[in-house]
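Visitor: need coordinates for the below:
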Amino acid sequence: MPTAARPAWHASAVIDGYVYILTLVAAVGSGVVAGAFLVFSVMVMRALRQLPPAQGLAAMQAINVAAVRPIFMTALFLPALACVVLVITALIRWGESGFALVLAGSAAYLVGSIALTIAFHVPRNDALATVEPGSPDMEARWTRFAASWTAGNHVRTIASLLAAVLLTIALTR
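Guide: Sure, this is the predicted structure:
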C-alpha cells in the first residue's frame, strides 16, 4: 500500500530512499552492460573470428578505440559507482532484509565486470593495439587474443547478469 514515505511505484518494503534509487540504477545498469557483453560474446567476436585475421584484428582495434566514449564509460561505470555506495550501505545495514542480496549483486558487478575489465580486458586490448596487421606473428596473436578475450567476456556477461538479477530481487524484498 502506498504511503507518503513510499509511493505506489516503490516495490521494496525495506530498501528505501537513496538506497532504492542506487539499487535501481545498479540493477538496470548491470543489465544493460550484461546485454552489451552478451552481444560481443555471441555475435561480434564470432563475426570477427570469421574474417581473415588481419581484418578481424583491425576491426577489433577500431572497436576498442570507439568504445572509450562518454556514453559507454557512463554505462559501465555509473552502476559501479552505485555498487560501491551500496556495498558500504549493505555492510552498515547488514542483517536487514534484502541487504545480503544488495551486497552479493554489487560484489558480482564490481568483481565480475569492473575488476575483470580493468585487470584482464584492458591490458589485452592495449597489447592488441600494438599488433600491426600483416606482421609475422599477427595471426597467432589475434587467435590467442580472440579466444582468451571472449572467454573472459563470457564471465563478465554472467557476472553482470547475476548482478542485475540479485539487485532486482533485492528491490522486491
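Visitor: where in the protein is pLDDT low?
Guide: Where the chain drops to pLDDT under 70, the residues are 1-15.
Visitor: mind naming the longest helix for it?
Guide: helix 138-171 (DSSP state H).
Visitor: buried residues in that helix, which are they?
Guide: If you call a residue buried by 16 or more other CB atoms under 10 Å, then helix 138-171 has these buried ones: 138-139, 141-142, 145-146, 149-150, 152-153, 156-168, 170-171. Every residue, glycine included, has its C-beta placed from N, CA and C.
Visitor: would you check that Gly112 makes contact with Asn153?
Guide: No: Gly112 lies out of contact with Asn153 (CB atoms under 8 Å); the separation is 11.1 Å.
Visitor: which of the three states applies to Glu96?
Guide: What DSSP: H, G, I helix; E, B strand; the rest coil gives for Glu96 is coil.
Visitor: neighbours of it, how many?
Guide: Neighbours of Glu96 under the rule other CB atoms under 10 Å: 14.
Visitor: how much space between it and Val131?
Guide: 51 Å (CB to CB, to the nearest Å).
Visitor: coming back round to it: the longest helix of the chain packs against which elements?
Guide: Counting contacts by 3 or more CB pairs under 8 Å, 6 or more residues apart in numbering; DSSP states H and E, helix 138-171 packs against helix 17-39, helix 45-50, helix 53-67, helix 99-109, helix 116, helix 122-129.
Visitor: just put these in a markdown table and tack on distance to Leu86 and mean neighbour count.
Guide: Conversion of those to a markdown table gives the following (distance: least, CB to CB, whole Å; neighbours: other CB atoms under 10 Å):
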| stretch | distance to Leu86 | mean neighbour count |
| --- | --- | --- |
| helix 17-39 | 6 | 20 |
| helix 45-50 | 31 | 15 |
| helix 53-67 | 25 | 16 |
| helix 99-109 | 4 | 23 |
| helix 116 | 19 | 18 |
| helix 122-129 | 24 | 13 |
